[in-house]
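Visitor: everything below, folded, please.
(one chain, ligands or ions: 1)
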Amino acid sequence: MKLLDGKVVSAKLKEDIKKEAAELTIKLGRKPHLVAILVGNDGGSETYVASKMRNCQEVGFESTNFHYESTISEEALLNKIQEINQDDQIDGLIVQLPLPKHIDPEKVTEAIDYRKDVDGFHPINLGRMQRNLPCFIPATPYGILLMLDHYQLDLAGKKAVVVGRSNIVGSPMSILLGRNSNPGNCTVTLTHSKTQNLKEEVLQGDIVIAAIGRKNFVTADMVKEGAIVVDVGINRETSTETKSGFKLFGDVDFEEVSKKVSYITPVPGGVGLMTIIGLLKNTLEAAKGSIYQK
Ligand code: GUN
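Guide: So this is what the prediction gives:
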């Protein structure tokens, strides 16, 4: 078994991004700029946004976080998005999900200018992704592709099984792996809560993407010998063992599954770090205007 090491790959790609950011800063006369909007006090979301902001600073981007109470109205949030859309000093905008129940995430997603949608959630970016056109690819699937590319894993013609059909990971991942591109060209099965005989489906996978959001959901008996396993889970539990007071668990039973696979991502230290790279690369592209002209 070989580890798909997010620490090693993300560190290398971060250096590349940092160099490009420095060059672009000279050219533009300002740094690439990402804005993140956070609503409410979800512990996980606060941690992720803080990490995104910290990583921006580390590669020489400007980053701004607008943090609102969970009581902010949908209208006020949409107005803020319009203001950011019109600000030509801002290249990328993300609104951290999930949002409070009284705010419609679809309205928010569609309100973001698709040219600043570095999360790749806007229907224009999703549609362009499906057609294999230049677009912003959602950060987690993008990070996974970069990881697979780094290890030069040849997936063409292989069976890919995606577990979970979320808008953020499972659904876009299934599209990307099926596209005529590299990495890609897989025969894809997208499994979900209504899938019958899930174990038999997952057992078919030469590559398995676990993105269901349930601790240790994928067990050794579900995985084919020699498969590639990508664990997207970041299930947080309180713990006295760590300084932060939390411990992260993947969607895969790493201890047992790692004994029979060819490659596997750890949690932490795997996909989570690559998600940040996906976001940073999208922000750089937005600042360059290389996907959509400014
Ligand atoms: N919540 C969980 N993952 C993500 C992400 O990639 N982007 C945003 N905006 N919210 C998330």
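Visitor: mean confidence (pLDDT) on the helix or strand where Thr25 lies, please.
Guide: Secondary structure from DSSP states H and E places Thr25 in helix 6-28. Along helix 6-28, the predicted confidence averages to a pLDDT of 98.
Visitor: and that helix, how far out from the chain's middle?
Guide: Remark: helix 6-28 is offset 18 Å from the chain centroid, using Cα atoms, centre = their mean, to the nearest Å.
Visitor: ok, stretch 157-177 next?
Guide: Averaged over its C-alpha atoms, stretch 157-177 has a centre that lies 12 Å from its chain's centre (Cα atoms, centre = their mean).
Visitor: do me a favour and get the end-to-end distance for it?
Guide: Across its full length, stretch 157-177 reaches 10 Å between end residues, using Cα to Cα, to the nearest Å.
Visitor: cool, stretch 219-239 as well?
Guide: Between the start and the finish of stretch 219-239 there is a gap of 23 Å, counting by Cα to Cα.
Visitor: quick one: distance of that stretch to the chain centre.
Guide: Relative to its chain's centre, stretch 219-239 lies at 17 Å (Cα atoms, centre = their mean).
Visitor: the stretch 51-200 of the chain: strands as residue ranges?
Guide: Using DSSP state E, counting those that start in this stretch, the strands assigned to the stretch 51-200 of the chain run over residues 62-68, 92-95, 159-163, 187-191.
Visitor: out of these, nearest to Lys18?
Guide: Distance to Lys18, taken as Cβ to Cβ, is lowest for strand 62-68 among those, at 13.9 Å. C-betas here are computed from N, CA, C, even on glycine.
Visitor: list the contacts of the closest one.
Guide: Contacts of strand 62-68 from elsewhere in the structure, counted by Cβ atoms under 8 Å, 6 or more residues apart in numbering, are 30-40, 49-50, 52-53, 56-57, 76-77, 80, 90.
Visitor: over to Ile37: give its phi and psi.
Guide: Backbone geometry at Ile37, expressed as degrees, to the nearest 10, gives phi -110, psi 130.
Visitor: just to revisit the earlier point, just the ones of the contacts of strand 62-68 in helices?
Guide: When the contacts of strand 62-68 are checked against helices (DSSP state H), the matches are Val49, Ala50, Lys52, Met53, Cys56, Gln57, Ala76, Leu77, Lys80.
Visitor: contact partners for the last one?
Guide: Counting by Cβ under 8 Å, 6+ apart, Lys80 makes contact with Ile37, Phe66.
Visitor: near the ligand at all, stretch 262-271?
Guide: No - shown here: stretch 262-271 not in contact with the ligand (Cβ under 6 Å from any ligand atom), separated by at least 11.1 Å.
Visitor: show me which residues of the stretch 151-294 of the chain sit near the ligand.
Guide: Counting by Cβ under 6 Å from any ligand atom, the positions of the stretch 151-294 of the chain adjacent to the ligand are Ile168.
Visitor: before we move on, the earlier item: report the buried members of the contacts of strand 62-68.
Guide: Buried by 16 or more other Cβ atoms under 10 Å: 31-40, 49, 52-53, 56, 77, 80, 90, out of these.
Visitor: nearest to the ligand: which residue in the stretch 51-200 of the chain?
Guide: Of the residues in the stretch 51-200 of the chain, the one nearest the ligand is Leu97, at a distance of 3.8 Å by Cβ to the nearest ligand atom.
Visitor: I figured that residue was touching Ile168, is that so?
Guide: Yes - under the criterion of Cβ atoms under 8 Å, Leu97 makes contact with Ile168 at 7.0 Å.
Visitor: just the pLDDT for Asp221.
Guide: At Asp221, the pLDDT recorded in the model is 98.
Visitor: okay, now the nearest residue to it once chain neighbours are set aside: neighbour count?
Guide: For Asp221, the nearest residue in space outside its immediate sequence neighbours is Lys199; the separation is 6.9 Å by Cβ to Cβ, 6 or more residues apart in numbering. Neighbours of Lys199 under the rule other Cβ atoms under 10 Å: 12.
Visitor: OK, contacts around the spatially closest residue to Arg236 that is not a sequence neighbour?
Guide: Nearest in space to Arg236, with sequence neighbours left out and distances taken as Cβ to Cβ, 6+ apart, is Phe246 at 5.0 Å. Contact partners of Phe246, counting by Cβ under 8 Å, 6+ apart, are Gly43, Arg236, Glu237, Thr238, Ser239.
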